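A.B. asks: What shape does this take:
(2 chains)
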Amino acid sequence: MSNVYDTLVEREIIAQCTNEEKVREILENENVSFYIGFDPTADSLHIGHFVQIMVMVHMQRAGHRPIALVGGGTGKIGDPSGKTDMRKMLTDEELAHNVESIKSQLSRFLDFGEGKAIMVNNADWLLKLNYVEFLRDIGVHFSVNRMLAAECFKQRLEKGLNFIEFNYMLMQSYDFLKLYQDYECRFEFGGDDQWSNIIGGVELIRRVEGAEAFGVTFKLLTNSEGVKMGKTVKGAVWLDKEKTPPYELYQYLRNVDDADVIKCLKMLTFVPLEEIREMEKLEGSEINQAKVRLAYEVTKMVHGEEEAEKAKSAAESLFGGSKDSDSIPSTEIDESFLTDGSLPILDALLESGLIPSKAEGRRLIKQGGVYVNDEKVPNFDYAIPTEQLEGDGVLIRKGKKTYHRVYVN
RNA sequence: GGGAGAGUACCCAAGUGGCCAAAGGGGGCAGACUGUAAAUCUGUUGCUAGAUAGCUUCGGUGGUUCAAAUCCGCCCUCUCCCA
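C.D. replies: Here you go, the predicted model:
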């Protein structure tokens, strides 16, 4: 039971593996290095990356050494795997910024102490490659025929794929070879969409070094309908506090579908499997208990216990009845919005970011979806008296579960 | 390089001179029902505006016209066929 591989299997994280028995055996008996790559497409990781992070932590706890690779080099190319469109090109500045942000995020989850884990940036070796040499040394080992048959290009072969993206696989494969050579890294892990790329590296190592390397992929965090999780109207659910406040992260997880709670608990938390199995028995509204646990555990890991507690109590007070929490999202309104001693409701909504435009606000109010301190806003002309805005301000609710506190100072 | 097509709102996709802020679907948002779930049903979905008004939108740009997403020129991007 102490074998990490078994743990990952039991938690239903593993999707594919190049050689199950062997990987299991090696992880059981040796302490190895393994790598997972992160592309710097944004300046923060999101909840989808959290599975990868969890795996690294599981592995590190089991005595293995994670190599977190940030794709400063591959980021200049853009991974076409499973995508329908070409990714937009990032400037060097954006890339550099993103690489740094991701690095610092990763270091919050892993122990990068002496020999415990390593962080590398593939820009360090990819950018200085010589084209002709690369083609001769690495390119020879790739069969275009086989690449074209690869699953990851399938969608793109219909819509169009250009040469730069076609090369992505070679870059990533080369990363693996390089890490094998420099760090004796024989394992590459990644999301299941990385399978083709990982296989590329495994084969490259075999061809160049005559050595056996291994690849393992994890199930992507998808909901019961197979749609990638972690997307909201506002975009991804980020691990960065500034981009997705702890309360929102908490609420996102608190609201996952019934059908997805158990899976998320297994994949995204360290809650012991026995406990999860107990929660699996919950039915009907009891399932909410499991959701609370999920939301709390993940928020705690991402933002710390204090933030998790705050998010939890905020949610409980908002949905429980007593609206007294101070950790719900809030906005200070500039006095210039006050007219005739009160704040027009549309301005309040707009300023707090609850609506993107006043037209949207009118629609909402017309449909009876806006409340101020639990009183339904009757019409667009409604204005909040300044007295109410002082101190803690008022609580605006949009729809059933979006709360926002607005105050003036 | 030659030839044939295509670029419409968040996405897919109709529309080929005025009735088009632009059908339909998806998604989103809100309402009902619920368990802060799912499914279902209803409404809504460019912006501004205290009514039937104005403004910006159909790859870009410049024209034709009383009037263009729709016609013409040039440009950009993409797909397909040929080289």
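
A.B. asks: what separates the residue nearest to A:F142 when sequence neighbours are not counted from A:K103, distance-wise?
C.D. replies: Distance criterion CB to CB, 6 or more residues apart in numbering; nearest residue to A:F142, sequence neighbours excluded, is A:L170 at 6.1 Å. (Each C-beta comes from the backbone N, C-alpha and C, glycine too.) Separation of A:L170 from A:K103 (CB to CB, to the nearest Å): 24 Å.

A.B. asks: hmm, back to that, only the buried residues of the helix or strand hosting the residue nearest to A:F142, if you could.
C.D. replies: Element membership for A:L170 (DSSP states H and E) is helix A:168-183. Under the neighbour-count criterion of 16 or more other CB atoms under 10 Å, helix A:168-183 has A:168-180 buried.

A.B. asks: which of these lies closest to RNA strand B?
C.D. replies: A:Y168 (15.5 Å; CB to the nearest atom of the strand).

A.B. asks: got the contact list for the residue sitting furthest away from the middle of chain A?
C.D. replies: Seen from the C-alpha centroid of chain A, the residue lying at the greatest distance (CA atoms, centre = their mean) is A:D340, 45.5 Å away. Residues near A:D340 by CB atoms under 8 Å, 6 or more residues apart in numbering: A:A383.

A.B. asks: With A:F112 instead?
C.D. replies: With CB under 8 Å, 6+ apart as the criterion, the residues that contact A:F112 are A:I118, A:M119.

A.B. asks: Okay, domains of chain A per the record?
C.D. replies: For chain A, automatic domain parsing gives the domain ranges A:4-218, A:231-319, A:330-407.

A.B. asks: Just give me how far stretch A:97-111 sits from the chain centre.
C.D. replies: Centroid separation for stretch A:97-111 versus its chain: 13 Å, with CA atoms, centre = their mean, to the nearest Å.

A.B. asks: Could you list the residues in contact with that stretch?
C.D. replies: A:38, A:40-45, A:53, A:56-57, A:60, A:66, A:68, A:70, A:72, A:75, A:90, A:116-117, A:119, A:121, A:123, A:239-240, A:301.

A.B. asks: List the buried residues of that stretch.
C.D. replies: A:N98, A:V99, A:S101, A:I102, A:K103, A:Q105, A:L106, A:F109, A:L110.

A.B. asks: where does the stretch 151-300 of chain A dip in pLDDT?
C.D. replies: A:223-235 (pLDDT under 70).

A.B. asks: one more time with 90, if that's ok
C.D. replies: Applying pLDDT under 90 to the stretch 151-300 of chain A picks out residues A:151-166, A:192-193, A:219-238, A:242-245, A:256-257, A:259-260, A:283-284.

A.B. asks: Which residues outside the strand or helix carrying A:L135 are in contact with it?
C.D. replies: Following DSSP H and E, the helix or strand that holds A:L135 is helix A:131-137. For helix A:131-137, contacts defined as CB under 8 Å, 6+ apart pick out A:L170, A:Y174, A:V208.

A.B. asks: How about stretch A:287-305?
C.D. replies: Contacts for stretch A:287-305 (CB under 8 Å, 6+ apart): A:47, A:50, A:109, A:239, A:241, A:246, A:249-256, A:258, A:261-262, A:264-265, A:268-271, A:279, A:282, A:307-308, A:311-312, A:315.

A.B. asks: Would you list the buried entries among the contacts of stretch A:97-111?
C.D. replies: Buried by 16+ other CB under 10 Å: A:38, A:40-45, A:53, A:56-57, A:60, A:66, A:68, A:70, A:72, A:75, A:90, A:117, A:121, A:123, A:239-240, A:301, out of those.

A.B. asks: filter those down to the ones close to RNA strand B.
C.D. replies: Among these, none lies close to RNA strand B by the criterion of CB under 7 Å from any atom of the strand.

A.B. asks: A:L69 belongs to a helix?
C.D. replies: No. Counting by DSSP: H, G, I helix; E, B strand; the rest coil, A:L69 falls outside a helix, being strand.

A.B. asks: what about the residue nearest to it when sequence neighbours are not counted, neighbour count?
C.D. replies: Excluding the flanking residues, the one nearest A:L69 by CB to CB, 6+ apart is A:G37, at 4.3 Å. Other residues within reach of A:G37, judged by other CB atoms under 10 Å, total 25.

A.B. asks: Quickly note the distance from A:G37 to A:C152.
C.D. replies: 14 Å.

A.B. asks: before we move on, what about A:T74?
C.D. replies: In terms of CB to CB, A:T74 sits 14 Å off from A:C152.

A.B. asks: swap in A:Y180?
C.D. replies: To A:C152, A:Y180 is 22 Å away according to CB to CB.

A.B. asks: Which neighbouring elements make contact with the strand or helix carrying A:L346?
C.D. replies: Per DSSP H and E: A:L346 is located in helix A:345-351. Counting contacts by 3 or more CB pairs under 8 Å, 6 or more residues apart in numbering; DSSP states H and E, helix A:345-351 packs against helix A:358-366, strand A:370-372, strand A:383-385, strand A:394-398.

A.B. asks: quick check: angle from the first one to strand A:394-398?
C.D. replies: This means helix A:358-366. 90 degrees (axes from the mean of the first three to the mean of the last three CA atoms, to 10 degrees).

A.B. asks: Kindly report the residues of chain A close to RNA strand B.
C.D. replies: A:159-162, A:232-233, A:251, A:254-255, A:257-258, A:284-285, A:287-288, A:291-292, A:315-316, A:319, A:356-360, A:362-364, A:367-369, A:381, A:398-402.

A.B. asks: mind listing which of those residues are in helices?
C.D. replies: If you go by DSSP state H, these have A:159, A:251, A:254, A:258, A:287-288, A:291-292, A:315-316, A:319, A:358-360, A:362-364 in helices.

A.B. asks: Buried ones among those?
C.D. replies: Of these, these count as buried by 16+ other CB under 10 Å: A:Q251, A:R254, A:I287, A:K291, A:V292, A:A315, A:R362, A:L364.

A.B. asks: Farthest-apart pair in these, please.
C.D. replies: Taking CB to CB as the measure, those span a maximum distance of 36.6 Å, between A:I287 and A:R362.

A.B. asks: By proximity to RNA strand B, which residue of the stretch 151-300 of chain A wins?
C.D. replies: Closest point on the stretch 151-300 of chain A to RNA strand B, by CB to the nearest atom of the strand, is A:G160, at 2.1 Å.

A.B. asks: Quick one: neighbours of that residue, just the number.
C.D. replies: 10.

A.B. asks: Could I get the contacting residues of it?
C.D. replies: So A:G160 contacts nothing (CB under 8 Å, 6+ apart).
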